[in-house]
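In: Provided below are the primary sequence and the corresponding predicted coordinates.
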Amino acid sequence: MPKDNRGNSYDYKSSGQNDKGSHYCSRDYGNGSNAYHYSNSDGSYYYSNSDGSKYHDDGKGGSYYSPPPASGNSTSKK
């Protein structure tokens, strides 16, 4: 079973590519928490992590991070 960068084990739920060249991957952590990411052909990408945090990069220098629900504030950078 693979492990993420925090040492948590997961199984791949699904992955693939659509007709526009966008890639996606979904992970199942087996404890009711899931994670997924999208990588788009325009250079943008989006992560939804198992802890509830989210990260989006628009591929043009702008990014947005939303921490896990219990930890508070969102931050954005342009």
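Out: Arrived safely, thanks for sending.

In: for the protein, give me the ranges with low pLDDT.
Out: Within the chain, the stretches with pLDDT under 70 are 71-78.

In: in it, which spans are strands?
Out: 11-17, 23-28, 34-39, 45-48, 54-57, 63-66, 75-77 (DSSP state E).

In: just send these back as TSV, with mean neighbour count too.
Out: Any C-beta I mention is one placed from the backbone N, CA and C, and that applies to glycine too. Formatted as TSV, the strands of the chain follow (neighbours: other C-beta atoms under 10 Å):
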stretch	mean neighbour count
strand 11-17	11
strand 23-28	16
strand 34-39	17
strand 45-48	16
strand 54-57	16
strand 63-66	16
strand 75-77	9
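
In: mind putting those strands in JSON lines, distance to residue 3 included?
Out: Shown next, in JSON lines, are the strands of the chain (distance: least, C-beta to C-beta, whole Å):
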{"stretch": "strand 11-17", "distance to residue 3": "11"}
{"stretch": "strand 23-28", "distance to residue 3": "11"}
{"stretch": "strand 34-39", "distance to residue 3": "13"}
{"stretch": "strand 45-48", "distance to residue 3": "17"}
{"stretch": "strand 54-57", "distance to residue 3": "20"}
{"stretch": "strand 63-66", "distance to residue 3": "23"}
{"stretch": "strand 75-77", "distance to residue 3": "27"}
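
In: all set now, cheers.
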